[in-house]
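Asker: Give me coordinates for this.
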Amino acid sequence: MRGFLVFVLALAAVGCTPAQRQPQWCSAEMVRRDAEAVLAGVTRATIAEDIEAYMSYVPETSVIDDTSGEVIDRDRLREYVLRDWGVITETKSLEQGVESVTMNGCESAELIVNQRWERVMTRPNGAEGTDLILTTQRHRETWRHTEQGWRGFEVEELGGDIFVNGERYAPE
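Answerer: Down below sits the predicted model:
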């Protein structure tokens, strides 16, 4: 027993005391909870086509690295969202779910997020009529804790599928 007590005192003397308790918000469960709330808010804003509500979930320094290699900042994202909403006549469904959360200490978390978006869009180039578009997309996202909770700062699109009127579409 005396040897154990000497060992514990020696550890304390060199600074090997028990790790400090992490903040309550620093857990995969909190990240998932906040991410699911943000994704639900983005979904509501998309269905309502409320750009201010949509952008309230996007941090100032966030970026998206899409599958074409273009890096999209917050201002460009706003522009693209409004452009897309201009040709969407109805969102049938938008489902977004967190597949996994990997903590990087309390500094950030990497999330894998899946998205399925079904919508009716006007045909391109002034063609008459509409098409039913279904896209699926998988993202690798970097989230950081902010005063508003956990927010997504970086999104890397990992790919997905596009269907036009039920038929798989493969862009050239």
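
Asker: use CA for all of it now, contacts and neighbours both
Answerer: Will do.

Asker: Grab the longest helix from the protein for me.
Answerer: helix 28-48 (DSSP state H).

Asker: What residues sit buried inside that one?
Answerer: 28, 31-32, 34-36, 38-43, 45-47 (16 or more other Cα atoms under 10 Å).

Asker: Which one of those is nearest to residue 157?
Answerer: Closest approach to residue 157 among those (Cα to Cα): residue 39, at 15.7 Å.

Asker: and the closest one, what does it touch?
Answerer: Counting by Cα atoms under 8 Å, 6 or more residues apart in numbering, residue 39 makes contact with 96-97.

Asker: for residue 107, same thing?
Answerer: By Cα under 8 Å, 6+ apart, residue 107 lies in contact with 144-145.

Asker: And the pLDDT for it?
Answerer: Looking at residue 107, its pLDDT is 91.

Asker: closest to residue 81 among the buried residues of helix 28-48?
Answerer: Among the buried residues of helix 28-48, residue 46 lies closest to residue 81 (Cα to Cα), at 8.8 Å.

Asker: so that closest one touches residue 55, yeah?
Answerer: No. Applying Cα atoms under 8 Å as the test, residue 46 and residue 55 come out as separate, 10.3 Å apart.

Asker: that older thread, in the next helix or strand after the longest helix of the chain, what counts as buried?
Answerer: Downstream of helix 28-48, the first helix or strand assigned by DSSP states H and E is helix 51-55. Under the neighbour-count criterion of 16+ other Cα under 10 Å, helix 51-55 has 51, 54-55 buried.

Asker: could you dump these to CSV with pLDDT and distance to residue 126?
Answerer: Formatted as CSV, the buried residues of helix 51-55 follow (pLDDT from 0 to 100; distance: Cα to Cα, whole Å):
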residue, pLDDT, distance to residue 126
51, 97, 25
54, 96, 28
55, 96, 29
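
Asker: before we move on, the earlier item: can you tell me which of the buried residues of helix 28-48 lies nearest to residue 74?
Answerer: After measuring the buried residues of helix 28-48 against residue 74 - Cα to Cα - the closest member comes out as residue 42, at 14.4 Å.

Asker: A strand includes residue 102, no?
Answerer: Yes. Counting by DSSP: H, G, I helix; E, B strand; the rest coil, residue 102 falls inside a strand.
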